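Colleague: fold the following and give me the result.
(one chain, ligands or ions: 1)
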Amino acid sequence: MARTEIRDADRAEVADFIERFWGSKISMSHGKAFYPHKEQGFVERRDGAIVGLLTYHLDEEGMEVLTLNSTLEGEGIGSSLMLNAIEAARKKGCRKIWLATTNDRLRVIEFYQRLGFRMTAINLGVVDEARKVKPQIPVVGERGVPVHDEVVMELAIEPYLDS
Ligand SMILES: CC(C)(COP(=O)(O)OP(=O)(O)OC[C@H]1O[C@@H](n2cnc3c(N)ncnc32)[C@H](O)[C@@H]1OP(=O)(O)O)[C@@H](O)C(=O)NCCC(=O)NCCS
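Modeller: Okay, here's the model as predicted:
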């Protein structure tokens, strides 16, 4: 197992990985389009292949997690990538780490809550708008639930004092 920050040499493979799992290299969040493979993050490999990926964007609000994927579910990779991101956010002086997911993803919403995240907003219809830019976003999501809204999840963090 090897985990590193995303390096320039990883970017093409990271882009393919994101496209494979999300149908496009673009990630939509709060009406904005991001290219996660051009951003920062962590990549985990086994036998050279990517098995886990977290990407994030930093701005004055804090750290926004753009994508999180694990291909070996239930082995702790997803949680530990998120713990890495929380640690990185504290080192970078952020006071919050947040992300947007969709209304159908109830298991993921539970997963984030177990890590301490709270649901801070539901942005009605934002996913329907995002679909106009990224048509790959499914109309019907997990367990047959129609996908319309964005659920914002947020974790308040203490930045390290010297950051
Ligand atoms: C969510 C995800 C990153 C978790 O990664 P992981 O390596 O399995 O995570 P861990 O082993 O640390 O934790 C397991 C927990 O992940 C969640 N999980 C596992 N499989 C999942 C799946 N297919 N979809 C959503 N959540 C899942 C569950 O909460 C699980 O706990 P449980 O077994 O008690 O229900 C991974 O399942 C995944 O890549 N899902 C698809 C992409 C996705 O939904 N990403 C989040 C976008 S907002």
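
Colleague: tell me the mean pLDDT for stretch 84-99?
Modeller: Stretch 84-99 comes out with an average pLDDT of 97.

Colleague: show me what the host helix or strand of Glu87 is packed up against.
Modeller: Using DSSP states H and E, Glu87 sits in helix 77-91. For helix 77-91, the elements it packs on are strand 40-46, strand 49-59, strand 62-70, strand 96-102, helix 106-114, judged by 3 or more CB pairs under 8 Å, 6 or more residues apart in numbering; DSSP states H and E. The C-beta positions use only the backbone N, C-alpha and C, and glycine is treated the same way.

Colleague: could the ones you listed be laid out in a markdown table, adding mean neighbour count and distance to the ligand?
Modeller: Below are the helices and strands packed on helix 77-91 laid out as a markdown table (neighbours: other CB atoms under 10 Å; distance: least, CB to the nearest ligand atom, whole Å):
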| stretch | mean neighbour count | distance to the ligand |
| --- | --- | --- |
| strand 40-46 | 19 | 9 |
| strand 49-59 | 20 | 7 |
| strand 62-70 | 22 | 3 |
| strand 96-102 | 22 | 4 |
| helix 106-114 | 14 | 4 |
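
Colleague: out of those, nearest to Ser27?
Modeller: Between Ser27 and those, the shortest gap by CB to CB is with strand 62-70, which sits at 4.9 Å.

Colleague: can I get that closest one as CSV, trimmed to CA atoms?
Modeller: This file holds the C-alpha atoms of strand 62-70, laid out as CSV (Å, rounded to 0.1, in the frame of the first residue of the first chain):
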residue,chain,number,x,y,z
GLY,A,62,-11.5,26.4,3.7
MET,A,63,-11.0,23.0,2.1
GLU,A,64,-13.6,21.6,-0.3
VAL,A,65,-13.4,17.9,-1.0
LEU,A,66,-14.2,17.5,-4.7
THR,A,67,-14.1,13.7,-5.1
LEU,A,68,-13.6,10.7,-2.9
ASN,A,69,-13.4,7.1,-4.3
SER,A,70,-12.2,3.8,-3.0
